[in-house]
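Q: Please find the sequence and the predicted model below.
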Amino acid sequence: MQEVINLSKGQTIDLRKNSKGESVYDLSKVTVGLGWDVREEKKGFFEKIFSNTKEADFDLDAIAFLLDKDGKVANLGRDIAFSNGNKVGLHGGDVIFFNSMTYPSGSGTSAMLYPSYASKSVMQQKVNELLAKGELIVHTGDNLTGEGEGDDEQIIVKLESLPEKIDKILFLVCIYQGQQRNQHFGMVDNAFIRACDAKGKEIAKFSLSNSSEFNGMRSMLFGEMYRHESQWKFRALGNPEPNDSFVPILKRYLKQ
């Protein structure tokens with residue numbers, strides 16, 4: 001049985017090697033899982049009775065920036081329009097998120113891959129189809145509440161098949177409408193990022209400790225995978241940001 005490496009903030013590991021330094025992991029497909037629980041707020045007896053407002057669910061979104069050798073996002077994709085007239089941007093580029101869930105995005109791939117009512121088995125079938133058709137990165141869908149065991153969201157990467165122009169992948173999580181709903185990472189428990197190899201073996205896991213520094217913070221740079229010589233490394237970050245959107249963070253990674 002392999003021993004999972006539990007990372008501390010700033011720690012870097014070779015993804016192929018276990019805790020003994022042995023090269024044992026299959027990086028042809030790496031699943032990056034992100035999970036969290038929402039801390040239950042304790043209310044008094046009368047507060048429970050007379051409260052007539054329903055607290056909004058936490059919607060945390062996993063995002064990945066694909067960075068070149070200069071540490072920049074080179075391709076911002078394109079705008080696409082739906083039949084109802086709505087438009088979404090950044091589709092088919094080097095940002096993987098809920099409106100552009102694959103890389104490279106094939107011409108037949110829609111912006112929204114999974115309807116909100118799709119079961120996990122349906123989503124898994126769709127993910128397998130996309131990987132079989134040649135997509136190198138697939139976001140497995142948007143968990144709107146963080147409820148349930150295991151990973152809440154996953155981004156699957158065919159790590160060894162990525163083109164050389166992708167030198168690093170930055171993984172982050174944002175609380176959707178966090179400012180509007182008065183939600184922040186200080187209200188989240190057991191947040192983690194982990195990596196599993198192609199055979200499902202857990203390589204490493206980085207868990208955030210509860211800290212007052214996360215109060216008022218609505219985005220989190222969780223970790224990054226990057227090339228070092230001929231190897232892929234993983235670094236635990238855990239850097240909080242006040243924005244509830246990834247766009248202000250993305251602007252720092254654009255070419256001037």
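A: Received, thanks. None of these values were measured; they are calculated from a predicted model.
Q: who touches the closest residue to residue 136 other than its chain neighbours in this structure?
A: Sequence neighbours aside, residue 158 is the residue nearest to residue 136 in space, at 4.6 Å (criterion: C-beta to C-beta, 6 or more residues apart in numbering). Where C-beta positions appear, they are placed from N, C-alpha and C, glycine not excepted. Applying C-beta atoms under 8 Å, 6 or more residues apart in numbering, we find residue 158 in contact with 28, 29, 131, 136, 137.
Q: Do a quick rundown of the strands in the stretch 151-256 of the chain.
A: All strands of the stretch 151-256 of the chain, identified by DSSP state E, counting those that start in this stretch, fall at 153-157, 168-175, 188-196, 202-207, 219-228, 231-241.
Q: Now do the third one: which elements does it pack against?
A: To tie it back to what came earlier, the one meant is strand 188-196. The helices and strands touching strand 188-196, judged by 3 or more C-beta pairs under 8 Å, 6 or more residues apart in numbering; DSSP states H and E, are strand 30-38, strand 202-207, strand 219-228.
Q: again with the last one
A: Secondary-structure packing of strand 231-241 (3+ C-beta pairs under 8 Å, 6+ apart): strand 12-14, strand 202-207, strand 219-228.
Q: Include distance to residue 98 and mean neighbour count when you put the ones you listed into TSV, please.
A: Shown next, in TSV, are those (distance: least, C-beta to C-beta, whole Å; neighbours: other C-beta atoms under 10 Å):
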stretch	distance to residue 98	mean neighbour count
strand 12-14	29	15
strand 202-207	23	19
strand 219-228	15	20
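Q: Dump these to CSV, plus mean pLDDT.
A: Below are the helices and strands packed on strand 231-241 laid out as CSV (pLDDT from 0 to 100):
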stretch, mean pLDDT
strand 12-14, 97
strand 202-207, 95
strand 219-228, 97
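Q: Which one of those strands lies nearest to residue 167?
A: Closest to residue 167 of those, according to C-beta to C-beta: strand 219-228, at 5.3 Å.
Q: If I take that closest one and strand 231-241, what angle do their directions form?
A: 160 degrees (axes from the mean of the first three to the mean of the last three C-alpha atoms, to 10 degrees).
Q: Show me what strand 219-228 is packed up against.
A: Judged by 3+ C-beta pairs under 8 Å, 6+ apart, strand 219-228 is in contact with strand 30-38, strand 168-175, strand 188-196, strand 231-241.
Q: just so I know, which of those strands lies nearest residue 89?
A: Here strand 168-175 is closest among the helices and strands packed on strand 219-228 (C-beta to C-beta), at 15.9 Å.
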